[in-house]
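>>> what follows is a protein structure lacking sequence information:
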């Protein structure tokens with residue numbers, strides 16, 4: 001009888017230890033998920049900021065090219081008036097140069113990485129570590 005009560009006591013202890021371990025794993029998984037969601041939110045914010053900057057440069061560039069066209073047409077219209085030709089030519093050249101500068105700045109902006117790439121790589125690393133831990137656990141405790 002002593003042996004049976006000892007086995008029941010150990011089974012109860014193993015069961016409590018198993019539930020405790022399961023709660024610990026669940027808490028770790030939830031913490032990991034929360035961290036990954038925060039990382040995803042940060043990545044989305046950075047992508048939005050980059051997009052807004054590129055859009056602003058593109059709009060300024062379009063405005064400069066629009067002014068270039070207006071001044072170019074005015075230049076052609078006034079081509080035979082000596083003093084006005086120089087002024088309109090300089091403004092046309094200025095806005096063309098500004099348009100080119102803003103296009104170059106826009107094209108040199110950092111190209112965005114695929115959405116949530118850092119989050120996905122972090123999740124892949126988590127999966128790799130969990131598989132390694134599971135393999136190590138099964139190697140250390142083959143009877144469970």
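Happy to help now that I have it. Quantities reported herein were computed from a predicted structural model and do not represent experimental measurements.
>>> can you give me the helices for the chain?
Under the criterion DSSP state H, the chain contains helices at 2-77, 82-107, 117-140.
>>> helices or strands up against the first one?
Packed against helix 2-77 by the contact rule (3 or more CB pairs under 8 Å, 6 or more residues apart in numbering; DSSP states H and E) you find helix 82-107, helix 117-140. Just so you know, the C-beta spots here come from the backbone N, C-alpha and C atoms, and that holds for glycine as well.
>>> pick the most deeply packed of these.
Mean neighbour count (mean count of other CB atoms under 10 Å) peaks for helix 82-107 among the helices and strands packed on helix 2-77, with a mean of 15.
>>> and it, what does it pack against?
Helix 82-107 is packed against helix 2-77, with contacts defined by 3+ CB pairs under 8 Å, 6+ apart.
>>> any idea of the angle the helix it packs on forms with helix 117-140?
Relative orientation of helix 2-77 versus helix 117-140 (axes from the mean of the first three to the mean of the last three CA atoms, to 10 degrees): 160 degrees.
>>> ok so, going back, the helices and strands packed on helix 2-77: lowest mean pLDDT?
Comparing mean pLDDT over the helices and strands packed on helix 2-77, the weakest stretch is helix 117-140, at a mean of 74.
>>> for it, packing partners?
Against helix 117-140 (3+ CB pairs under 8 Å, 6+ apart) you get helix 2-77.
>>> could you give the mean pLDDT of the helix it packs on?
78.
>>> quick one, it and helix 82-107 angle?
Angle between the axes of helix 2-77 and helix 82-107 is 170 degrees (criterion: the same axes, to 10 degrees).
>>> how far does helix 2-77 sit from its chain's centre?
7 Å (CA atoms, centre = their mean, to the nearest Å).
>>> give me the contacts around stretch 94-105.
Under the criterion CB atoms under 8 Å, 6 or more residues apart in numbering, residues 57-58, 60-61, 64-65, 67-68, 71 lie in contact with stretch 94-105.
>>> please redo it, this time with the cut-off set to 6 Å
Applying CB atoms under 6 Å, 6 or more residues apart in numbering, the set of residues contacting stretch 94-105 from outside is 57, 60-61, 64-65, 67-68.
>>> distance check, residue 18 against residue 26.
Distance of residue 18 to residue 26, given as CB to CB, to the nearest Å: 13 Å.
>>> with that, I have no additional questions.
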